[in-house]
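1. Provided below are the primary sequence and the corresponding predicted coordinates.
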Amino acid sequence: ISKAPENSAPKSGGTGFLIDGKGYLITNAHVVKNASSVIVLNNKGDEFRANIIYVNASSDLALLKIQDADFKAYTNLPYSIRKSGAELGEPLFTLGYPRNEIVYNEGYMSAKTGFNGDTMTCQIGVPANPGNSGGPVFNKNGEVIGIINTRQLQAEGVVFAVTAKNIFRALEEVKKDDTTAKNVKLPMVSSLKGMDRTQQIKKIEDCVFMVKSY
């Protein structure tokens, strides 16, 4: 049985990923803009209801919380969130939902600032399209260095990502207003260092969700 609202098509969609195994996800603000309800799907196609806890249009980040009896919390997330970003030319990879199935892409850090020199974002050389929006960008150690943001119209192969330090900022803001968010613990250690890529993907893909806004 689908958990989506009856007789309604999704207004928008994208990708989100867990930042805490208790069901807290980060995605782009524009993915959940004007949504009255949000459903997230894991890579097996299981649907979960999620609430929007926080939206910041200027950083284009939103925090969702899966509120669904069918969701089982994860003990540990395999990756970590990195405050300090990536180096120019550093190899990067992404996982997201440009279509109804999780898709892997790889590229590199191409500029430390984003569109028009924006310091909250960086530029990555990786193919992406709107469904990738809100998806994680990893370095080779399995550390999240950014969140794909397809809000600006891109030239082919040029994509901007919100830098991961904005996740820390967002969480500080949320904790001021939302007492339950005080329990959110960002993963600080990646267990993926030194693993080959196929193994890294196997561990990460369960933590990356398709986001549908209704």
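-> That came through fine. From a predicted model like this one, the values you see are computed outputs, not experimental measurements. Numbers count the residues shown, from 1 in each chain.
2. who are the contact partners of the nearest residue to S80 once chain neighbours are set aside?
-> Nearest residue to S80 in three dimensions, chain neighbours excluded: S190, at 4.2 Å (Cβ to Cβ, 6 or more residues apart in numbering). Just so you know, the C-beta spots here come from the backbone N, C-alpha and C atoms, and that holds for glycine as well. For S190, the contact set (Cβ atoms under 8 Å, 6 or more residues apart in numbering) comprises 78-80, 141-143.
3. now render those as TSV, adding secondary structure and pLDDT.
-> Shown next, in TSV, are those (DSSP: H, G, I helix; E, B strand; the rest coil; pLDDT from 0 to 100):
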residue	secondary structure	pLDDT
P78	coil	98
Y79	coil	98
S80	strand	98
N141	coil	97
G142	coil	98
E143	strand	98
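4. and L88, what is it in contact with?
-> Per Cβ under 8 Å, 6+ apart, neighbours of L88: 109-112.
5. widest-spaced pair of the residues you listed?
-> Largest separation among the contacts of L88 by Cβ to Cβ: S110 and K112, giving 9.1 Å.
6. shared neighbours, the two?
-> The contact sets of S110 and K112 overlap at 88, 123 (Cβ under 8 Å, 6+ apart).
7. how about low-confidence regions in this protein?
-> 151-157 (pLDDT under 70).
8. bridging residues for the spatially closest residue to V184 that is not a sequence neighbour?
-> Excluding the flanking residues, the one nearest V184 by Cβ to Cβ, 6+ apart is D20, at 4.7 Å. Legend: beta-bridge partners of D20 under DSSP bridges are Y24.
9. count the residues that sit near D20.
-> 20 (other Cβ atoms under 10 Å).
10. residues in contact with the closest residue in space to N132 that isn't next to it in sequence?
-> Excluding the flanking residues, the one nearest N132 by Cβ to Cβ, 6+ apart is G96, at 3.8 Å. Each residue near G96 by Cβ under 8 Å, 6+ apart is listed here: 14-15, 102-103, 105, 128, 131-136, 148, 208.
11. how far away is G96 from N51?
-> To N51, G96 is 22 Å away according to Cβ to Cβ, to the nearest Å.
12. do the same with G142
-> Separation of G142 from N51 (Cβ to Cβ) stands at 28 Å.
13. which among the contacts of L88 end up buried?
-> The neighbour count (16 or more other Cβ atoms under 10 Å) marks 109-110 as buried among the contacts of L88.
14. name the nearest of the contacts of L88 relative to A69.
-> Closest to A69, out of all of these and judged by Cβ to Cβ, is M109, at 40.6 Å.
15. the closest one belongs to a strand, doesn't it?
-> Yes - counting by DSSP: H, G, I helix; E, B strand; the rest coil, M109 is part of a strand.
16. dump the residue contacts of it.
-> Taking Cβ under 8 Å, 6+ apart as the test, what M109 contacts is 86-90, 92, 122-125, 145.
17. buried set for the lengthiest helix in the chain?
-> Determined from DSSP state H, the single longest helix within the chain is helix 165-177. Applying a neighbour-count criterion of 16+ other Cβ under 10 Å, one finds 165-167, 170-171, 174 buried in helix 165-177.
18. dump the helix or strand that it is followed by to PDB, restricted to CA.
-> Sequence order places helix 197-204 as the next helix or strand after helix 165-177, per DSSP states H and E. Provided in PDB are the C-alpha atoms of helix 197-204 (Å, rounded to 0.1, in the frame of the first residue of the first chain):
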ATOM      1  CA  ARG A 197      34.500   1.500  -4.100                       C
ATOM      2  CA  THR A 198      32.000  -1.300  -4.700                       C
ATOM      3  CA  GLN A 199      32.100  -2.200  -1.000                       C
ATOM      4  CA  GLN A 200      31.800   1.500  -0.100                       C
ATOM      5  CA  ILE A 201      28.700   1.800  -2.200                       C
ATOM      6  CA  LYS A 202      27.100  -1.300  -0.700                       C
ATOM      7  CA  LYS A 203      27.400   0.200   2.700                       C
ATOM      8  CA  ILE A 204      26.200   3.700   1.700                       C
END
